[in-house]
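Chemist: Kindly generate the corresponding structure for this input.
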Amino acid sequence: MNEENSAVEIRFRLHAPAGVAGTEARTEAPPSGSGSLPRVAQVLALAIHFQAMIQRGEARDYANLARLGCLTRERMSQIMELVWLAPDIQQKILEFRTTNGTRFPITEVAVRKIAGALSWKDQREAWRELQDRHHLI
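Modeler: Numbers count the residues shown, from 1 in each chain. Prediction:
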């Protein structure tokens, strides 16, 4: 890949707070229902997207992605830890329903701790405990 002739574009959608002058009302609906996806689901989707960019050769490595996304290398590493999760856990996170302004009980930090376990068996046990603790089963 010729670095001089290649470009990667990462788009982020920024939303202005309600009531800010000069902003238009959003006409598009959230993915399902009303509200927004839990942050952990959004970050996991981003990690999967970034991993695919590397696999397709659109980015060389995490450091390259961090520069392209205007993120620190540390934050990029934190995001990418989520791809270490067992596939079934990733699927469950991606299937979380939207929330209506309430804080979702499972945080990215808690999920990253689970991703740090080396075996998927240990991850699945920690995931079950986390779900039990927050009454999500």
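Chemist: Just the pLDDT for His135.
Modeler: At His135, the model reports a pLDDT of 85.
Chemist: ah, wrong one, I meant Asn100
Modeler: Looking at Asn100, its pLDDT is 81.
Chemist: Tell me the spacing between it and Leu44.
Modeler: For Asn100, the distance to Leu44 equals 21 Å [Cβ to Cβ, to the nearest Å]. Yep, even glycine has a C-beta here, placed from its N, CA and C like the rest.
Chemist: Apart from its neighbours in sequence, what residue is nearest Arg124?
Modeler: Excluding the flanking residues, the one nearest Arg124 by Cβ to Cβ, 6 or more residues apart in numbering is Ala86, at 6.0 Å.
Chemist: List the contacts of that neighbour.
Modeler: When contacts are counted by Cβ atoms under 8 Å, 6 or more residues apart in numbering, Ala86 touches 120, 123-124, 127.
Chemist: From those residues, keep the buried residues only.
Modeler: Buried members of those, scored by 16 or more other Cβ atoms under 10 Å, are 123-124, 127.
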